[in-house]
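Chemist: the sequence isn't on hand, but the structure is:
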């Protein structure tokens, strides 16, 4: 997992590029400490599918979904290079 940035009080990280059934994908993880433990969102790129949601209200999910969509190309590129620190 590679760190990407911190925004809206949450850490954003992503996986290396993976392959399943001949299709490449990247997982994006959004995490923060919430009132009841760890709040988590997990997206699968390139479709930006929300795979997991724990603790985030709808308004924040929408905010993070837009952020992930706007950063999709950069995250996709960094996933191949071992994260932003190696790009």
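Modeler: Done, it's in. As the structure is a computational prediction, the values presented were derived from the model and not from experiment.
Chemist: so residue 43 sits in a strand?
Modeler: Yes: counting by DSSP: H, G, I helix; E, B strand; the rest coil, residue 43 is part of a strand.
Chemist: any residues touching the helix or strand where residue 59 lies, and which ones?
Modeler: Element membership for residue 59, per DSSP states H and E: helix 58-70. Contacts of helix 58-70 from elsewhere in the structure, counted by CB atoms under 8 Å, 6 or more residues apart in numbering, are 7-8, 10, 12, 28, 30, 41, 43, 45, 48, 50, 53, 56, 75. Just so you know, the C-beta spots here come from the backbone N, C-alpha and C atoms, and that holds for glycine as well.
Chemist: tell me the contacts of the nearest residue to residue 54 once chain neighbours are set aside?
Modeler: Nearest non-adjacent residue to residue 54, counting by CB to CB, 6 or more residues apart in numbering: residue 40, 4.6 Å away. Contacts for residue 40 (CB under 8 Å, 6+ apart) come out as 29-31, 52-56.
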